[in-house]
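Colleague: sequence unknown, structure follows:
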Ligand code: NCD
């Protein structure tokens, strides 16, 4: 039994197996002939809001021939609302489903679930910590758009402190080496010491800066993020930083012609909508890739 809890659990062999099976997953969607997960049940239990992650996991399961049970607002509609623990919810779901895809606001929730689960747990986001399926789909997107995963210059912009998608993509990129990372944020949202130590221990080439314009002409990937309002205990602190980095047309004009703009979505106002027409805007292609990568991940989990 395999759990998918943290992007750091993957080695290059696993990652390449998953990424290389994406064309096959796309073919399964297009031809609708194969059902590799027929007879399986996937439970999607979400204690935090989601559009892409939950619905793409559910679509992935259905495209693979599995069936889906779902608690889309589990904080209110599951017995967690009555005080049930993550462990007891997991023990119960293990009686019903073959894979449990879980999103929770508590850091470490997926690991707590995995300790008692008798079926596979897939972490669909635990607080500001990890979101490994997003890391994989982001990695796939970079490979597809640039044809390589090393020798790239990548800027992460916005809430680099609280972004679980950044925390998940970086360890996957670190497997490939030779990349330069820029973390661009207001000073309140800079990476924390634990993550900085991880980067230093792994000899990652990175810079932390507080302004965007200077790096635009050199980056291959501009990875925008939403300021994670739900992680702030004080609304005034959020208000102070929420509009620190808004991407406008004049920024995009400074990018290289083959640079790409990514965003895990949802965006609030970090990317001006008229940028969507620019061919470098890759965020909806990224969301489409998410379906195929999650199909590949579900298959991998049950192998
Ligand atoms: C992200 C998340 O939930 O961490 N969304 C997603 O899964 N695509 C990013 C975000 O909510 O800002």
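Modeller: Arrived safely, thanks for sending. The structure displayed is predicted, hence computed values, not measured ones. Numbering: from 1, shown residues only.

Colleague: list the contacts for residue 60?
Modeller: With contact taken as Cβ atoms under 8 Å, 6 or more residues apart in numbering, residue 60 is in contact with 25, 291, 294-295, 297-298. In short, each C-beta sits where N, CA and C put it, glycine included.

Colleague: switch the cut-off to 6 Å
Modeller: With contacts defined as Cβ atoms under 6 Å, 6 or more residues apart in numbering, residue 60 is in contact with 291, 294-295, 298.

Colleague: can you redo those residues as CSV with distance to the ligand, neighbour count and pLDDT?
Modeller: Shown next, in CSV, are the contacts of residue 60 (distance: Cβ to the nearest ligand atom, whole Å; neighbours: other Cβ atoms under 10 Å; pLDDT from 0 to 100):
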residue, distance to the ligand, neighbour count, pLDDT
291, 12, 21, 98
294, 11, 29, 98
295, 16, 28, 98
298, 16, 27, 98
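
Colleague: quick check, pLDDT for the residue sitting furthest away from the middle of the chain.
Modeller: Among the C-alpha atoms of the chain, the one most distant from their mean position (Cα atoms, centre = their mean) is that of residue 82, at 29.6 Å. According to the predicted model, the pLDDT of residue 82 comes to 93.

Colleague: spell out which parts of the stretch 151-300 of the chain neighbour the ligand.
Modeller: Where proximity means Cβ under 6 Å from any ligand atom, the interface of the stretch 151-300 of the chain facing the ligand comprises 164-165, 226, 264-266.

Colleague: please convert the buried members of those residues into ChimeraX selection syntax.
Modeller: Command for ChimeraX that selects the buried part of these, burial taken from 16 or more other Cβ atoms under 10 Å:
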select :164,165,226,264,265
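
Colleague: mind checking which of the residues of the stretch 151-300 of the chain next to the ligand are in helices?
Modeller: Among those, the residues falling in helices (DSSP state H) are 164-165.

Colleague: need the phi and psi values for the residue farthest from the centre of the chain.
Modeller: The main-chain torsion angles of residue 82 are listed as degrees, to the nearest 10 and equal phi -90, psi 0.

Colleague: that one and residue 230, how far apart?
Modeller: 23 Å (Cβ to Cβ, to the nearest Å).

Colleague: gap between residue 55 and residue 294?
Modeller: Using Cβ to Cβ, which is the criterion applied here, residue 55 is 10 Å from residue 294.

Colleague: now for the residue farthest from the centre of the chain: which residues touch it?
Modeller: Not one residue lies near residue 82 by Cβ under 6 Å, 6+ apart.

Colleague: roughly how far does it sit from residue 74?
Modeller: Distance of residue 82 to residue 74, computed by Cβ to Cβ: 12 Å.

Colleague: would you map the helices across the chain?
Modeller: Going by DSSP H, the chain shows helices at 12-20, 22-31, 52-63, 74-77, 86-94, 109-116, 132-146, 164-174, 193-201, 235-241, 249-252, 283-302.

Colleague: mean pLDDT lowest for which of these?
Modeller: Note on those: lowest mean pLDDT is at helix 74-77, with a mean of 92.

Colleague: count of neighbours near residue 211?
Modeller: 9 (other Cβ atoms under 10 Å).

Colleague: surely residue 268 meets residue 227?
Modeller: No - using Cβ atoms under 6 Å, residue 268 is not in contact with residue 227; the gap is 7.6 Å.

Colleague: grab the nearest non-local neighbour of the residue of the stretch 51-200 of the chain found nearest the ligand.
Modeller: Here the stretch 51-200 of the chain gets closest to the ligand at one residue, residue 53, 4.2 Å apart by Cβ to the nearest ligand atom. Nearest-residue entry for residue 53: residue 124, 5.1 Å, with adjacent residues in sequence omitted and distances by Cβ to Cβ, 6 or more residues apart in numbering.

Colleague: isn't that neighbour up against residue 103?
Modeller: Yes - in this structure residue 124 lies within contact range of residue 103 using Cβ under 6 Å: 4.0 Å.
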